[in-house]
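Q: pasting the sequence and the predicted model now:
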Amino acid sequence: MPESWLLVEKSDKCVVTPESPEIPEASPEKNDFQLISNDNLFAENVDFFPADDPERDVPGVLPAQSDEKKSPVYLQLQYIPFLDYYVYSKEENVTGLAFGYHLPQREINGVSVALLQLFNNEKNGFSVSLIDLCGNFCGMSMFLAGGAVNNDGCLVGLWNVTENNRGVQIGIFNQAAAKAMENFSPDMEISERGFGVQAGLINYSDSPGIQFGLWNSNPNSLIPHFPIFNICL
């Protein structure tokens, strides 16, 4: 959704109003939807909408007004892959310590601990969560399931996925492949991806790197499938 779309409060609902001539005029009746029941918009006060919900809108940044003084805040409609859900959240950057059950901030620099960290655009530092999905990552991240579109750090998790692994993946199942996170990013050519390391029981990659595991697969390697060790230059 273009940034020109304005999100304003209307009782316990929000109205999406188009401000761009490129967007067909929309009526409040058609675009009313339940967003957040609390009057104040905080990151943890978010509602989830199924991706096929006709009342949800397309992804984008929504300038919004929420508090009594009508001071502006920003909401980000983020797509959660694999669950096929969208989530609205307050757009803000965090530097230092971030703690909560859900940290949807667009950028986190420092230490973040949460049950869910779903599609932070960029994260630098140390991260711990059950499910962690982000755009660009640099540092160390520990999770049960998750990954990053671009990994320049160390991802440690049972299920570990990235498109561009320029760092290290450690897990039971590691995947570094084009379209692995296609709901996050456009297609990425193999030549655009870096050289990374995978260590786990099952490793799959279609880009340059070294694999250590019970079974290693890389269709672009001289030996596409090989146990214990494989390399693609």
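A: Cool, the structure landed.

Q: quick one: contacts of the helix or strand in which Glu122 is found?
A: Under the criterion of DSSP states H and E, Glu122 resides in strand 107-128. Here strand 107-128 makes contact (C-beta atoms under 8 Å, 6 or more residues apart in numbering) with 78-80, 87, 93-106, 129-143, 146, 148, 184. Placement of C-beta: from N, CA and C, glycine included.

Q: who does the nearest residue to Phe126 once chain neighbours are set aside form a beta bridge with?
A: Computed as C-beta to C-beta, 6 or more residues apart in numbering, the closest residue to Phe126 that is not its neighbour in sequence is Val111, at 4.9 Å. Beta-bridge partners for Val111, by DSSP bridges, are Leu97, Phe126.

Q: so how far is Phe229 from Val111?
A: 34 Å (C-beta to C-beta, to the nearest Å).

Q: check Gly194 too.
A: For Gly194, the distance to Phe229 - C-beta to C-beta - is 20 Å.

Q: between those two, which is the more surrounded one?
A: Under the criterion of other C-beta atoms under 10 Å, the comparison of Gly194 against Phe229 puts Gly194 first, with 15 against 11.

Q: pretty sure that one sits against Asn164.
A: Yes - look at Gly194 against Asn164 with C-beta atoms under 8 Å: they come within range, at 6.0 Å.

Q: shared neighbours, those two?
A: Common neighbours of Gly194 and Asn164 (C-beta under 8 Å, 6+ apart) are Ser207.

Q: partner residues bridging the closest residue to Ser221 other than its chain neighbours?
A: Residue nearest to Ser221 in three dimensions, not counting chain neighbours: Cys232, with 4.0 Å by C-beta to C-beta, 6+ apart. Beta-bridge pairing of Cys232 under DSSP bridges involves Gly209.

Q: can you verify my assumption that Cys232 contacts Ser205?
A: Yes - between Cys232 and Ser205 there is a contact at 7.0 Å, judged by C-beta under 8 Å.

Q: mutual contacts of the two, please.
A: Counting by C-beta under 8 Å, 6+ apart, the common neighbours of Cys232 and Ser205 are Asn218.

Q: between those two, point out the one with more neighbours.
A: Using other C-beta under 10 Å, the more surrounded residue of Cys232 and Ser205 is Ser205, with 28 against 20.

Q: look at that one and report its pLDDT.
A: Per-residue pLDDT puts Ser205 at 93.

Q: that one against Asn165, yeah?
A: Yes - counting by C-beta under 8 Å, Ser205 does reach Asn165; the two are 7.1 Å apart.

Q: anything in contact with each of those two?
A: Residues touching both Ser205 and Asn165 (C-beta under 8 Å, 6+ apart): 176, 196, 198.

Q: got those residues as a markdown table, with secondary structure, distance to Leu155 and neighbour count columns?
A: Putting the shared contacts of Ser205 and Asn165 into a markdown table (DSSP: H, G, I helix; E, B strand; the rest coil; distance: C-beta to C-beta, whole Å; neighbours: other C-beta atoms under 10 Å) gives the following:
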| residue | secondary structure | distance to Leu155 | neighbour count |
| --- | --- | --- | --- |
| Ala176 | strand | 10 | 31 |
| Gly196 | strand | 10 | 23 |
| Gln198 | strand | 10 | 28 |
